[in-house]
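Participant: need a 3D model of the following:
(one chain, ligands or ions: 1)
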Amino acid sequence: MLGATEPAETVTRATVPPSVEPEGGNAAIITRRDMLAGVGAGLGVAALSALAFARRDSRLGPGYQFGEVGAPVPGSEVPCTAGTLTSSEPEGPFYTPSAPKRRDIRDPGVSVGVLVLTGRVLDTRCRPLARAVLDFWQTDHNGVYDNQGYRYRGHQYTDVDGRFRLVTVLPQAYTAISIFRTPHIHVKVQGADTPLLTTQLYLPDAEETNARDLGYQPSLAIRYTERDNSSRGATFDFVLARG
Ligand SMILES: [Fe+2]
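Facilitator: Next up is the predicted model:
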């Protein structure tokens with residue numbers, strides 16, 4: 001299986017002071033009441049989708065230190081096109097701050113449908129950003145988010161070459177409050193001297209569902225590098241502007 005063995009890693013939970021919690025804590029979540037209010041106001045599905053995407057981004061707090069360098073990640077070079085920034089995407093309603101620090105966010109014992117995603121965080125001149133933080137969250141293999149705990153959520157830091165490695169499962173499509181979403185992985189990425197990027201990554205072989213999701217952007221599709229019966233390897237590089 002694609003070298004999915006992940007060294008044991010201490011799981012820690014970042015501490016985010018109350019002052020940097022999203023305004024109103026979980027107020028960033030689009031609630032069923034929000035949606036029903038939208039329905040009551042006569043909004044259509046497209047407008048409801050816009051409502052769902054209109055909320056501001058939650059910030060990473062100082063609980064994510066940037067001062068930490070991730071353990072080295074082996075990986076092949078992917079050509080970088082200087083100057084091309086990674087597109088942002090909406091945070092969506094299911095972000096939970098302060099996820100544990102870990103590179104393997106699978107449920108214990110899950111060995112089928114595994115996705116090993118590696119890549120780099122670069123600046124616009126293709127220079128690696130060490131100590132960048134990446135905070136991932138996604139559905140489980142049933143298309144369900146854990147909004148009570150931290151299943152399939154975790155943050156990590158790039159190594160000295162700007163590399164990261166995420167071990168997870170392939171995300172699944174879901175419909176939440178009448179909004180269909182193609183499989184995707186949410187992520188927030190920030191270097192010590194870059195703005196925060198909030199975006200989503202997509203699966204290149206989910207053509208049918210990608211075509212049904214207005215949020216899908218081809219430039220945000222990961223690239224498969226390996227596959228076998230139980231696992232896939234893939235790569236994606238993030239490009240952020242410094243300053
Ligand atoms: Fe999502």
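
Participant: lowest-scoring secondary structure element of the chain by mean pLDDT?
Facilitator: Using mean pLDDT, DSSP states H and E, helix 32-40 stands out as the lowest-scoring helix or strand of the chain, at a mean of 38.

Participant: now the longest strand anywhere in the chain: average pLDDT?
Facilitator: Of all the elements of type strand in the chain, the one with the most residues (DSSP state E) is strand 114-123. On average, the pLDDT along strand 114-123 is 96.

Participant: in that strand, what counts as buried?
Facilitator: For strand 114-123, a neighbour-count test (16 or more other CB atoms under 10 Å) marks V114, L115, V116, L117, T118, G119, R120, V121, L122, D123 as buried. To be clear about C-beta, it is placed using only N, CA and C from the backbone, and glycine gets the same treatment.

Participant: just stretch 191-205 next, same as before
Facilitator: Residues of stretch 191-205 classed as buried: G191, T194, L196, L197, T198, T199, Q200, L201, Y202, L203 (neighbour count, 16+ other CB under 10 Å).

Participant: I'd like the average pLDDT over that stretch.
Facilitator: On average, the pLDDT along stretch 191-205 is 95.

Participant: using CSV, list the CA coordinates for that stretch.
Facilitator: Provided in CSV are the C-alpha atoms of stretch 191-205 (Å, rounded to 0.1, in the frame of the first residue of the first chain):
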residue,chain,number,x,y,z
GLY,A,191,3.4,30.6,5.9
ALA,A,192,5.1,32.7,8.5
ASP,A,193,5.1,35.7,6.1
THR,A,194,2.1,34.9,3.9
PRO,A,195,-1.6,35.6,4.1
LEU,A,196,-3.8,32.7,5.0
LEU,A,197,-5.1,30.7,2.0
THR,A,198,-8.3,28.8,2.5
THR,A,199,-9.1,26.4,-0.4
GLN,A,200,-10.4,23.0,-1.3
LEU,A,201,-8.7,20.1,-3.3
TYR,A,202,-10.6,17.9,-5.7
LEU,A,203,-10.3,14.4,-7.2
PRO,A,204,-9.4,14.4,-10.9
ASP,A,205,-11.3,11.2,-11.6
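
Participant: now do it: distance to the chain's middle.
Facilitator: Counting by CA atoms, centre = their mean, to the nearest Å, stretch 191-205 is centred 7 Å from the centre of its parent chain.

Participant: ok, now stretch 157-166?
Facilitator: Using CA atoms, centre = their mean, the offset of stretch 157-166 from its chain centre is 15 Å.

Participant: avg pLDDT for it?
Facilitator: Mean predicted confidence for stretch 157-166 is 96.
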